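Asker: what would the 3D arrangement of this be:
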Amino acid sequence: MITVVLGLLALSLVIFIHELGHFIAARISGVTVISFSIGWGPVLFRKRIGDTEYRISALPIGGYCNMKGEHDYRDAIEKNLDRVSSDPETFYGTRPLKRLFIAFAGPLFNLIFAVLVFTLVSASGYEYETWGNRIVLASDYTETAPLPADLAGFKSGDRIIAFDETPVTTFSDIQQYVTDKAGENLSATVERDGTEHILTVIPELDKSTGAGRIGVYPWIPLVIGTVTEGSAADTSGIKPGDVLFEVNGEPVYHLLDFEKALESRPEQIVISLNREGIHLRVPLVLIYPGETGAETGIQWKTETVTVPGTGPVTSVANGLADTGRILRLTVKSIALLFGGVDVSQAVSGPVRITLMMGEVAQQGILALSELLGVICISLFLMNLLPVPVLDGGTVLFALVELVMRKPLRPRIMYRIQFIGIGFILFVFIFALLGYIRYLIQ
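Answerer: Reported below is the predicted structural model:
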């Protein structure tokens, strides 16, 4: 429940920022705002200031900016008019350039908010948990087809220390570098048995996620990080800091080795531990909930990376750089939707986004801030697609009017709006399918 509540509040903030942009632009442009609400549904509080009624509504799902004349083109159709009202205080009656400005301001405020969020993250500094840069080939354990890492000559146990002379110190660095470089030639520097080797690898596109991959997993050492109280591991006396090195007398070196030893789903195993130089053998009872792997109560020790906070100028520069980087990634992601990517996996509906944001919110304010920034950038680009119903459609209409130097006929706008509704319905269906699959998984 707390996940849903936190997710709703975070998503509402993003929508509110968007609507605030429309509101401010409308006021600057002289268009009357009839009502501006925080939240939707029944109005809990209202106060009129000038021509605008400010509201706080019951459902904390963003908000809305209701401008005078937003639906004038529908009235014109019903009355069989050739043009909408020319009242400059209405949305469709104002000049095309002002209408363009009002429509663009919503996405623009999302983008500005993203820059602010990333600037604050940079200024505050942050920590994150990850694994080292040592790798295990996926083909050694879970996949049989030759993967890019196999073709390039990688071996399990290699440490990737650079891509194209860019230093790599963690597995997160590896993922971040590879994710948007599907089909590109990458020069990888690996360390193997104390010797450096240069390998050329071409990441492939993972059509289920839209990300590039080379076919490697992190080498996760079998060092116990924490043990869940009351779990099988706790009952067996396993303690944080213990190092697991054998299962039923067979050596294991990393997490995939350990998981492979449990493939037959044994009810009990005997594990060998190194505890401060003393070797112990302890039995471990295994539980298998459903079709998932064994539930042991062990959380493996991760590497903590600390990124210190930066000064004001550097923070702003980092905020702009991070926003630009994610903008480029998002543009690539949108293009990949037309390149064979599994759309039902790639497109997320509001419910799934809400759950994601709620889960991240529980991990801390900095993790939530980063996700807020990413979603703001995605909304900026998606809303500017030249599709009727979206802000980009309104921008397109305004540009057409500027070029033609006359307003579009209401019936033409109405028909184009129908096309936009069809597109939104198409995206909604795929988002819903993706969400259902997400719940099942």
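Asker: state whether G393 is indeed within a helix.
Answerer: Yes - G393: assigned to a helix according to DSSP: H, G, I helix; E, B strand; the rest coil.
Asker: what segments of the stretch 251-400 of the chain are helices?
Answerer: Here the stretch 251-400 of the chain has its helices, by DSSP state H, counting those that start in this stretch, at 255-261, 312-336, 343-346, 350-361, 365-383, 391-404.
Asker: return the most buried member of those helices.
Answerer: Comparing the helices of the stretch 251-400 of the chain by mean neighbour count (mean count of other Cβ atoms under 10 Å), helix 365-383 comes out on top with a mean of 21. Heads up, the C-betas are built off the backbone N, CA and C, glycines and all.
Asker: between it and helix 391-404, how many degrees?
Answerer: 40 degrees (axes from the mean of the first three to the mean of the last three Cα atoms, to 10 degrees).
Asker: pull helix 365-383 out as CSV, backbone CA atoms only.
Answerer: C-alpha atoms of helix 365-383 as CSV (Å, rounded to 0.1, in the frame of the first residue of the first chain):
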residue,chain,number,x,y,z
ILE,A,365,15.0,10.5,-1.8
LEU,A,366,18.0,10.6,-4.1
ALA,A,367,17.0,7.4,-5.9
LEU,A,368,13.5,8.9,-6.3
SER,A,369,14.9,12.2,-7.5
GLU,A,370,16.8,10.4,-10.3
LEU,A,371,13.7,8.5,-11.4
LEU,A,372,11.6,11.7,-11.3
GLY,A,373,14.2,13.4,-13.6
VAL,A,374,14.1,10.5,-16.1
ILE,A,375,10.3,10.4,-16.2
CYS,A,376,10.2,14.2,-16.6
ILE,A,377,12.5,14.0,-19.6
SER,A,378,10.4,11.2,-21.1
LEU,A,379,7.2,13.2,-20.7
PHE,A,380,8.9,16.2,-22.3
LEU,A,381,9.7,14.3,-25.5
MET,A,382,6.5,12.2,-25.6
ASN,A,383,4.3,15.2,-25.1
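Asker: what helices or strands is that helix leaning on?
Answerer: Contacts defined by 3 or more Cβ pairs under 8 Å, 6 or more residues apart in numbering; DSSP states H and E place helix 365-383 against helix 2-29, helix 96-124, helix 312-336, helix 350-361.
Asker: what's the angle from that helix to helix 2-29?
Answerer: Interaxial angle of helix 365-383 relative to helix 2-29 (the same axes, to 10 degrees): 50 degrees.
Asker: show me what helix 365-383 is in contact with.
Answerer: 10-11, 13-14, 17-18, 106-108, 110-111, 113-114, 117-118, 120-121, 124, 126, 322-323, 326-327, 330-331, 334, 353, 356-357, 360-361, 390-392 (Cβ atoms under 8 Å, 6 or more residues apart in numbering).
Asker: show me where the stretch 201-350 of the chain has strands.
Answerer: For the stretch 201-350 of the chain, the strands defined by DSSP state E, counting those that start in this stretch cover 204-206, 211-213, 216-218, 224-227, 243-247, 250-251, 268-275, 278-285, 298-300, 303-307.
Asker: out of the ones you listed, which is the most enclosed?
Answerer: By mean count of other Cβ under 10 Å, those have strand 216-218 as the most buried, with a mean of 22.
Asker: neighbouring strands - and their directions - for that strand?
Answerer: The pairing partners recorded for strand 216-218 under DSSP bridges are strand 135-137 (antiparallel).
Asker: following the partner strand, which helix or strand comes up?
Answerer: Toward the C-terminus, strand 135-137 is succeeded by helix 148-152 as the next helix or strand (DSSP states H and E).
Asker: okay, that next one in CSV with CA atoms only?
Answerer: Extracted C-alpha coordinates of helix 148-152, given in CSV (Å, rounded to 0.1, in the frame of the first residue of the first chain):
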residue,chain,number,x,y,z
PRO,A,148,28.8,-10.7,-28.4
ALA,A,149,31.1,-11.3,-25.4
ASP,A,150,31.9,-14.9,-26.7
LEU,A,151,32.6,-13.7,-30.2
ALA,A,152,34.9,-11.0,-28.9
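Asker: V243: which of the helices of the stretch 251-400 of the chain is closest?
Answerer: Comparing these by their distance to V243 (Cβ to Cβ), the top pick is helix 255-261, with 11.9 Å.
Asker: now the strands of the stretch 201-350 of the chain as a markdown table including distance to F258 and mean pLDDT?
Answerer: Shown next, in a markdown table, are the strands of the stretch 201-350 of the chain (distance: least, Cβ to Cβ, whole Å; pLDDT from 0 to 100):
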| stretch | distance to F258 | mean pLDDT |
| --- | --- | --- |
| strand 204-206 | 25 | 84 |
| strand 211-213 | 23 | 83 |
| strand 216-218 | 13 | 94 |
| strand 224-227 | 12 | 95 |
| strand 243-247 | 7 | 95 |
| strand 250-251 | 10 | 95 |
| strand 268-275 | 9 | 94 |
| strand 278-285 | 11 | 94 |
| strand 298-300 | 9 | 94 |
| strand 303-307 | 18 | 87 |
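Asker: quick one: which of the ones you listed is nearest I49?
Answerer: I49 lies closest, by Cβ to Cβ, to one member of the strands of the stretch 201-350 of the chain: strand 303-307, at 43.8 Å.
Asker: take the strands of the stretch 201-350 of the chain and lay them out in CSV including distance to V403.
Answerer: Formatted as CSV, these follow (distance: least, Cβ to Cβ, whole Å):
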stretch, distance to V403
strand 204-206, 38
strand 211-213, 39
strand 216-218, 51
strand 224-227, 62
strand 243-247, 69
strand 250-251, 72
strand 268-275, 73
strand 278-285, 72
strand 298-300, 61
strand 303-307, 48
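Asker: many thanks, I have nothing further to ask.
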